[in-house]
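> No sequence on hand, only this structure:
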């Protein structure tokens, strides 16, 4: 039986819309062209075969092509995912104000424009801008700005403490003071400074480290923990819209006035706070709710001590499920007779208590007796070559572990591989990163990217996922007596002899 279509087919090669144009009285006056004869969807399909340079060039053709070439949710999104193979910018830690991240790590799809509110609309990714920033990281195109922040720290061997979260930068001097200050910087300007009002004045007291909360901001405020050499620490709420309204909300002092070892590193994902002291004591704290009317106090839930781990160390805290936290701790371990290598321990934390631990070392060998085969001899020779006499820096992002020597110019790259629940983790050597001509003094790793600063002032950016160099910058002014490097998706902050050098890639 012959089926009659619901709509009569047109003989025009361009479909129904083109046929209507042919029947309109203005068709004889407006000649048919590529611009007005095809649907926008067909033009976008043709544009999808162009490179990003061609897309930028055709924007100068006319306003119609410019509008189509700027398509955010199809052209530039597909280009970004194809080129960089991820749905976000690299380098983020914890909560990101540029996107909405689900609990399982996947990115939330934006709602249609008519269904989005004003607050939700700002979270839609600008894929072209993300493409440009990522290309700037590859080519080294950036802007540099240098500021004198803490002149009293210029002659100190300790670097200025810095915490970074998007456009928010907080710095603190390591110099003792009766009232240690924290400076709040927004867009390169010092907009506010604050001190603890609960701690008694002490001329020998100083700030030892700071930690920003990695969870979602509380009521548009950021939580910041500041640790002091007296053993106490304070929790501040940092107000971004109104910096002068930033306030201290909680203070913790060791019970009985007993002074604990100095906290040198900390990670915070509300309500869990973990600190690492200079004597390698690991403390687990429960931070109470900050809702109005709550009078709970900070609680020390557990203390762990290691006698075989040594600084320098690096901490990464993740929250894979609402009830479980995972802490990755990378640190230095001795190798007989007088050398060092790197090791990693994963701690699974639930109900503010460490439930299980797994460790792996770069020098792990199968215990017991083994036949002296050629394969074993090759493994022993490789381990002997990789051990170093002095460790300069250790850093990890939970997947990669980077070890820098204080006496050589090489950087060792390892990958943390999960074998099984019974056998635990394995630290696999990937390669040695060569490029610096002087020993590395400071480095930082996040999201498969490493930034390293050498003693000659040279700054390098490494792509750990693809084993390549992203950026090699010119040597910074002044040899780094004390240095620290932090970065996020858009910028690198180098703390150098009391100065802060900001290199921005969102230009």
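Happy to help now that I have it. On a predicted model such as this, the values are computed, not experimentally measured, just so you know.

> looking at it, residue 55 is touching residue 49, isn't it?
No: contact between residue 55 and residue 49 fails when scored by CB atoms under 8 Å: they sit 10.4 Å apart. Bear in mind the C-beta positions are built from the backbone N, C-alpha and C, glycine included.

> the more surrounded of those two?
Taking neighbours as other CB atoms under 10 Å, residue 55 and residue 49 compare with residue 55 leading, 21 against 7.

> What are the phi and psi values at the nearest residue in space to that one that is not next to it in sequence?
Spatial nearest neighbour of residue 55, excluding adjacent residues (CB to CB, 6 or more residues apart in numbering): residue 69 at 5.0 Å. Torsion angles at residue 69 (phi, psi; degrees, to the nearest 10) stand at phi -70, psi -20.

> show me the contacts for residue 69.
Applying CB atoms under 8 Å, 6 or more residues apart in numbering to residue 69 gives the contacts 47, 55, 56, 58, 59, 75.

> Using PyMOL, define a selection of the buried residues within the residues you listed.
Buried residues among those (16 or more other CB atoms under 10 Å), as a PyMOL selection:
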select buried, resi 47+55+75
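
> with the contacts of residue 69 in mind, which one is nearest to residue 136?
The nearest member of the contacts of residue 69 to residue 136, counting by CB to CB, is residue 56 at 14.3 Å.

> who are the neighbours of the helix or strand hosting the closest one, in terms of helices and strands?
Using DSSP states H and E, residue 56 sits within helix 52-58. Contacts defined by 3 or more CB pairs under 8 Å, 6 or more residues apart in numbering; DSSP states H and E place helix 52-58 against helix 63-69, helix 77-84.

> now the ones you listed as a markdown table including distance to residue 391?
Converted to a markdown table, these look like this (distance: least, CB to CB, whole Å):
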| stretch | distance to residue 391 |
| --- | --- |
| helix 63-69 | 51 |
| helix 77-84 | 33 |
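
> Please tabulate those in JSON lines and include mean pLDDT as additional columns.
Below are those laid out as JSON lines (pLDDT from 0 to 100):
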{"stretch": "helix 63-69", "mean pLDDT": "89"}
{"stretch": "helix 77-84", "mean pLDDT": "90"}
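
> which one of the ones you listed lies closest to residue 409?
That would be, of the helices and strands packed on helix 52-58 and by CB to CB, helix 77-84, which comes in at 29.5 Å.

> And the helices in this protein?
Under the criterion DSSP state H, the chain contains helices at 15-23, 34-37, 40-47, 52-58, 63-69, 77-84, 118-121, 127-139, 374-386.

> quick one: contacts for residue 301?
Residue 301 makes contacts with 284, 285, 286, 352, 353, as judged by CB under 8 Å, 6+ apart.

> Apply 10 Å and report the result again.
Residues near residue 301 by CB atoms under 10 Å, 6 or more residues apart in numbering: 272, 273, 283, 284, 285, 286, 349, 351, 352, 353, 354.

> What of residue 392?
For residue 392, the contact set (CB under 10 Å, 6+ apart) comprises 312, 403-408, 411, 439-443, 452, 454-455.

> how about low-confidence regions in the stretch 151-300 of the chain?
Low-confidence segments of the stretch 151-300 of the chain, defined by pLDDT under 70: 151-157, 166, 217-219, 256-259, 291-295.

> Please apply the same query to the stretch 301-450 of the chain.
In the stretch 301-450 of the chain the weaker segments, taking pLDDT under 70 as the threshold, are 365-372, 376, 378-381, 419-423.

> Tell me where it has strands.
Along the stretch 301-450 of the chain, counting by DSSP state E, counting those that start in this stretch, strands occupy 310-321, 324-335, 339-350, 353-361, 391-396, 400-405, 411-420, 424-433, 440-446, 449-454.

> To residue 138, which of the ones you listed lies closest?
strand 449-454 (11.2 Å).

> neighbouring strands for the closest one, and are they parallel or not?
Applying DSSP bridges, strand 449-454 is found paired with strand 440-446 (antiparallel), strand 459-463 (antiparallel).
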